[in-house]
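below: sequence and its predicted model.
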Amino acid sequence: MILLNFLYYESPIGIIRVEYSDAGMHRLEFTITMGENHCDNKRMEGLILADLNAYFKDSTYRWECPIALPLGTDFQEKVWLALRMIPAGETRFYQEIAQLIGQPKAAQAVGHANAQNPVLLRIPCHRVIGSDGAMTGYAGELWRKEWLLNHEGYEGVNQQMTLFADGE
């Protein structure tokens, strides 16, 4: 049995909830409210907190905390590995990821795997955009995707997104 620990973190773009075990992160997601932390592994908790603090200070920071693999299907794992290879400040298209994993006709499936990413930020699915350069779906909401890309130094953020960031 895997004992999951829970950690809540207040980031510049909202509250983050992290589920982890001795093996590493199982889930990292944005949430609306702070919860109560539960930790049986202070070393892993320290790694996660250090990673989050460092990432929000310096987007080029290299994450230390491991991911508890496997998290998904073989196909999803291939996609998520490819996402981890995208450097901060750069983006890729879904089609490029499909080609990279050797399945050039699977761009739509790549999008679906991207949407199922359980460890946001650590597996940087926010670095995948539409082939026309548009910001496409993000489980953490599109305004956060834009913020993350700006934070990482990506210069191609669609300025149209900022016009509607407040839902107007």
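Looks like it came in fine.

where does this protein dip in pLDDT?
The chain contains residues with pLDDT under 70 at 1-2, 158-168.

could you list the domains of it?
5-57, 74-163 (automatic domain parsing).

separation between Thr91 and Gly156?
To Gly156, Thr91 is 7 Å away according to C-beta to C-beta, to the nearest Å. The C-beta positions use only the backbone N, C-alpha and C, and glycine is treated the same way.

overlap of the contact sets of those two?
Listed contacts common to Thr91 and Gly156 are Ile129; contacts here mean C-beta atoms under 8 Å, 6 or more residues apart in numbering.

so for those two, which residue has more residues nearby?
When Thr91 and Gly156 are compared for neighbours, Thr91 comes out ahead with 20 against 11, by other C-beta atoms under 10 Å.

longest helix of this structure?
With secondary structure taken from DSSP state H, the chain has its longest helix at helix 42-57.

packing partners of that helix?
If contacts are counted by 3 or more C-beta pairs under 8 Å, 6 or more residues apart in numbering; DSSP states H and E, helix 42-57 sits against strand 5-11, strand 14-21.

possible to save those as JSON lines with mean neighbour count and distance to Ala109?
Converted to JSON lines, the helices and strands packed on helix 42-57 look like this (neighbours: other C-beta atoms under 10 Å; distance: least, C-beta to C-beta, whole Å):
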{"stretch": "strand 5-11", "mean neighbour count": "16", "distance to Ala109": "30"}
{"stretch": "strand 14-21", "mean neighbour count": "19", "distance to Ala109": "26"}
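
quick one: which of those strands is nearest Arg84?
With C-beta to C-beta as the criterion, Arg84 lies closest to strand 14-21 of those, at 17.1 Å.

can you give me the angle the closest one makes with helix 42-57?
150 degrees (axes from the mean of the first three to the mean of the last three C-alpha atoms, to 10 degrees).

mind listing the strands strand 14-21 pairs with, and their directions?
Next to strand 14-21 in the sheet, as set by DSSP bridges, lie strand 5-11 (antiparallel), strand 24-31 (antiparallel).

dump the ones you listed into a markdown table; add distance to Ile67 as well.
Listed next are the strands paired with strand 14-21 as a markdown table, based on distance: least, C-beta to C-beta, whole Å:
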| stretch | distance to Ile67 |
| --- | --- |
| strand 5-11 | 15 |
| strand 24-31 | 5 |
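
quick one: the helices in this structure?
Under DSSP H, the chain gives helices at 42-57, 74-84, 94-100, 107-115, 142-151, 160-163.
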